[in-house]
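Sharing a sequence plus its predicted fold:
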Amino acid sequence: MRLNILSGGAAQSVVTALAGDFRAATGYELACTFSAVGAMKAKLLAGAPADLVILTQALIAELATAGQVLPDSCADLGRVRTGVAVRAGDALPDIASASALRSALLAAEGIFIPDPQKATAGIHFARVLDTLGIRGAVEPRLKTYPNGATAMRALAQTQGARLVGCAQVTEINNTPGVVLAGLLLREFELATVYSVGVCAGAASPDAARRFAALLTGEPSRALRTKAGFELGAV
């Protein structure tokens with residue numbers, strides 16, 4: 001038995017960590033696809049098999065309104081902030097002010113980011129570059145990937161000096177070889193609430209609801225916090 005899940009990359013570490021316990025309790029294997037939330041929404045609308053979707057709160061609400069997700073199944077995992085990453089062992093850049101962040105990005109030989117068209121952090125980071133007035137200057141050094149997890153793995157494996165990345169904290173924390181240099185400044189902050197919803201066309205709706213409850217309930221609270229989700233009122 002399989003439970004098909006389409007998920008934004010921010011939730012990958014938590015979903016993966018719960019897979020074994022869920023299989024032992026229910027007999028269901030998780031068949032997961034993780035990528036940018038925009039890409040996951042597009043896959044669902046294109047008819048990809050899906051029992052459960054894990055996307056931003058806004059997208060889940062949109063899909064519920066459109067009848068693609070069961071409204072009474074929606075629940076929040078928590079809030080995820082966006083930060084700057086470097087390879088483990090590299091000097092941490094000064095990003096404590098707008099001018100310092102601007103200087104750090106201008107000095108970087110490579111800037112690793114998720115898709116600026118479909119990924120939550122990538123879309124936001126492109127706006128930050130515009131606000132700082134340096135998008136044109138750094139564009140030749142932008143290294144873009146389908147999602148934050150892929151971008152962070154590439155950062156970890158790349159040789160060179162003054163390499164930085166920007167992704168959601170959960171993706172940074174879940175990638176060996178990179179470390180969080182710091183959160184984006186409050187004036188550039190992006191804090192995204194992620195939610196889960198059972199698909200209206202789910203082949204296994206009862207199992208989907210059970211995994212959604214596990215993912216958003218008390219049993220996974222410590223796991224979500226460790227991954228980088230902020231819990232409480234969202």
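Ah, there it is. Residues are numbered from 1 along each chain as shown.

Flag every buried residue along the longest helix along the chain.
Using DSSP state H to define each element, the chain has its longest helix at helix 12-26. Buried residues in helix 12-26, defined by neighbour count with 16 or more other Cβ atoms under 10 Å: Q12, S13, V14, V15, L18, A19, F22, T26. All C-beta spots, glycine's among them, are computed from the backbone N, C-alpha and C.

Would you check how far apart the fifth one and A108 are?
I take that to be L18. Relative to A108, L18 is positioned 36 Å away (Cβ to Cβ, to the nearest Å).

residue ranges for the helices of the protein, please.
For the chain, applying DSSP H gives helices covering 12-26, 37-45, 57-65, 98-107, 120-132, 135-138, 148-157, 169-173, 205-216, 221-227.

Which other helices and strands does the longest one contact?
Using 3 or more Cβ pairs under 8 Å, 6 or more residues apart in numbering; DSSP states H and E as the contact criterion, the neighbours of helix 12-26 among helices and strands are strand 2-8, strand 29-35, helix 169-173, helix 205-216, helix 221-227.

Which one, of those, ends up nearest to D90?
Set against D90 and scored by Cβ to Cβ, these come closest in helix 169-173, at 13.4 Å.

what about the closest one, distance to the chain center?
In terms of Cα atoms, centre = their mean, to the nearest Å, the centre of helix 169-173 is found 8 Å from the chain centre.

what sits up against it?
Contacts with helix 169-173, where a contact means Cβ atoms under 8 Å, 6 or more residues apart in numbering, come from 9-14, 80-83, 85, 121, 147-149, 151-152, 165, 178-180, 183, 226-229.

Could you tell me which of those count as buried?
Listed as buried from the contacts of helix 169-173 are 9-14, 80-83, 85, 121, 147-149, 151-152, 165, 178-180, 183, 227-229; burial here means 16+ other Cβ under 10 Å.
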